[in-house]
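Enquirer: After the sequence you'll find the predicted model.
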Amino acid sequence: MNSELKIALDMLEREREIDRKALLDAIRDSLKKAWDNQYKSSDNVRVDIDEDTCEYHLIARKEVIELADDVMDPAIEISWDEAKEIDPEVQPGGFVDVEMNPKEFGRIATQNAKNVITQKIREKERDVLFNQFIEKKSDIITGVVQRRVGKGFSINLGKTDALLPDTECVPGEHLKPQGRVKVYVLEVTSTPKGPKITVSRSHPNLVKRLFEEEVTEIKDGTVEIKAIAREAGSRTKMAVMSHNPNVDPVGACVGVNGSRVNAIVNELYGEKIDIINWNENPGEMIQNALSPAKIVNVFADPEEKTANVVVPDQQLSLAIGKSGQNARLAAKLTNFKIDIKSESQAKDAFGFRVEDYMGDEYEEGEYIEGYEEGTYAEDYAEGGQTGEEE
């Protein structure tokens, strides 16, 4: 048994998580490379290794030449007299397997073999790291802030570092060196120097993954996050539904006395989170998305993905939100272009009184076609009408 080799392989397998088979393949390649450097030929060579004991044998298959004086290349040929010592029945023109001693290799060949093993180990380490992190793509991971690197931050993930670009940072968030932070894994690519990992603090799915970690009902599939819209560092809106009629999806996400949602808010350094009920009805969904504003009615066109929303006069500012944020996030969440007007504005814009459509014929949230298009939510964010939340 080659005990020293076995100990070394066990250590590499345990500490660097490199598969033993890959290590043994590296040894095979290194021995063949050493043979090739020594004799300029390796086509007739194989390396046999016992995976349990790590005992290895370098075998060269040589052609039997009748006379020793006719042996031109000892790497691939052997005299009949020598061959008979290995296989008494072998005849000239036949072949015999000869075990070679690696210790006979020259210094250069030995050094080259060592380099091959080292290179193979590095390649396998890179592969192991890449495979570990490619499985974490689109997931969250905890890292430690290292230092500023160009237009971003270096985040240590344990065995390697990731890049948090400025474009994926939360506006106004100050990351402190050596501080622990949760990040969303955006991209993992393989490079000659190891995996290149890009992470984010501003991606909407960071909030989604944090809720999946924190809320048991989401983790086991009872509650589902149907949509999420985020303006990082300021506000997030999230729509949830329950697959169990006995489970309140919003209550499950909020937790007792707000314990669950507060844990996520703390992780996001105070970012506000609105959790609403998902509804298949576009009118109801838009109404929920504009929370906390009270809605008089929603006139939605599901084919055009547009909606006119009417709110009480005193609720217009709240529905639009500061700098149009509430309306903008509701539009992202529902994927509808939303035009918000007060009751008095609706009379002039639509040519009818909203209350005329609140009877038996049109229920709240139903679709009414033929309305005039007005100013949409995104227009409020470009210097148009804005409102302050109450």
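Expert: Thanks, I have the structure now.
Enquirer: going forward, measure contacts and count neighbours with C-alpha atoms only.
Expert: Will do.
Enquirer: Confirm residue 158 sits in a strand?
Expert: No: assigned with DSSP: H, G, I helix; E, B strand; the rest coil, residue 158 falls outside any strand and is coil.
Enquirer: which helix of the chain spans the most residues?
Expert: Identified as the longest helix of the chain according to DSSP state H is helix 107-134.
Enquirer: Quick one: name whatever helix or strand follows that helix.
Expert: Counting by DSSP states H and E, the next helix or strand C-terminal to helix 107-134 is strand 140-148.
Enquirer: got a list of contacts for that following strand?
Expert: 153-158, 175-185, 206, 209-210 (CA atoms under 8 Å, 6 or more residues apart in numbering).
Enquirer: if I read this right, residue 96 contacts residue 85, doesn't it?
Expert: No: using CA atoms under 8 Å, residue 96 is not in contact with residue 85, being 10.4 Å away.
Enquirer: Look at those two and report which has more neighbours.
Expert: residue 96 (21 against 10; other CA atoms under 10 Å).
Enquirer: Tell me the bridge partners for the more buried one.
Expert: Judged by DSSP bridges, the bridge partners of residue 96 are residue 62.
Enquirer: That one and residue 292: what is the separation?
Expert: Noted for residue 96: a distance of 87 Å to residue 292, by CA to CA, to the nearest Å.
Enquirer: ok, and the closest non-adjacent residue to the residue nearest the centre of the chain?
Expert: With distances taken as CA atoms, centre = their mean, the residue of the chain nearest its centroid is residue 137 (1.2 Å). Of all residues not flanking residue 137 in the chain, residue 185 sits nearest, at 5.0 Å (CA to CA, 6 or more residues apart in numbering).
Enquirer: Am I right that the one you found is in contact with residue 155?
Expert: No: using CA under 8 Å as the test, residue 185 is too far from residue 155 to be in contact (11.4 Å).
Enquirer: Break this protein down into its domains, please.
Expert: For the chain, automatic domain parsing gives the domain ranges 3-122, 142-201, 203-278, 281-390.
Enquirer: Mind checking these for the one nearest to residue 128?
Expert: Comparison of the domains of the chain against residue 128 by CA to CA identifies domain 3-122 as nearest, at 6.9 Å.
Enquirer: How far off centre is that closest one?
Expert: 42 Å (CA atoms, centre = their mean, to the nearest Å).
Enquirer: any weak-confidence spans in the stretch 251-390 of the chain?
Expert: When residues are selected by pLDDT under 70, those of the stretch 251-390 of the chain lie in 348-390.
Enquirer: can you give me the helices for it?
Expert: Using DSSP state H, counting those that start in this stretch, the helices found in the stretch 251-390 of the chain span residues 259-267, 282-289, 316-320, 325-334, 343-350, 377-380.
Enquirer: Could you single out the most deeply buried of these?
Expert: Comparing the helices of the stretch 251-390 of the chain by mean neighbour count (mean count of other CA atoms under 10 Å), helix 316-320 comes out on top with a mean of 26.
Enquirer: So which elements touch that one?
Expert: Identification of packing neighbours for helix 316-320 by 3 or more CA pairs under 8 Å, 6 or more residues apart in numbering; DSSP states H and E yields helix 325-334, strand 337-342.
Enquirer: same thing but 10 Å
Expert: Contact partners of helix 316-320 among helices and strands, from 3 or more CA pairs under 10 Å, 6 or more residues apart in numbering; DSSP states H and E: strand 306-311, helix 325-334, strand 337-342, helix 377-380.
Enquirer: so how far does stretch 75-83 reach from one end to the other?
Expert: The first residue of stretch 75-83 is 13 Å away from its last residue (CA to CA).
Enquirer: List the neighbours of that stretch that are in contact with it.
Expert: 35-36, 38-45, 60-72, 84, 87-98 (CA atoms under 10 Å, 6 or more residues apart in numbering).
Enquirer: I'd like the average pLDDT over that stretch.
Expert: Stretch 75-83 carries an average pLDDT of 87.
Enquirer: Next, the buried residues of it.
Expert: Neighbour counts over stretch 75-83 (16 or more other CA atoms under 10 Å) mark 75, 76, 77, 78, 79, 80, 81, 83 as buried.
Enquirer: count of residues packed around the closest residue to residue 337 other than its chain neighbours?
Expert: Using CA to CA, 6+ apart and skipping the chain neighbours, the partner closest in space to residue 337 is residue 306 (4.6 Å). Residue 306: 19 surrounding residues under other CA under 10 Å.
Enquirer: what's the answer for residue 170, then?
Expert: 19.
Enquirer: For the buried residues of stretch 75-83, which two are the farthest from each other?
Expert: 75 and 81 (16.3 Å).
Enquirer: My read is that the residue nearest to residue 337 contacts residue 338, right?
Expert: Yes: with contact defined as CA atoms under 10 Å, residue 306 reaches residue 338; the gap is 6.0 Å.
Enquirer: Tell me the helices and strands packed up against the strand or helix carrying residue 206.
Expert: Using DSSP H and E, residue 206 falls within helix 204-214. The contact analysis (3+ CA pairs under 10 Å, 6+ apart) places helix 204-214 against strand 140-148, strand 180-191, helix 216-219, strand 223-231, strand 235-242, helix 249-254, helix 259-267.
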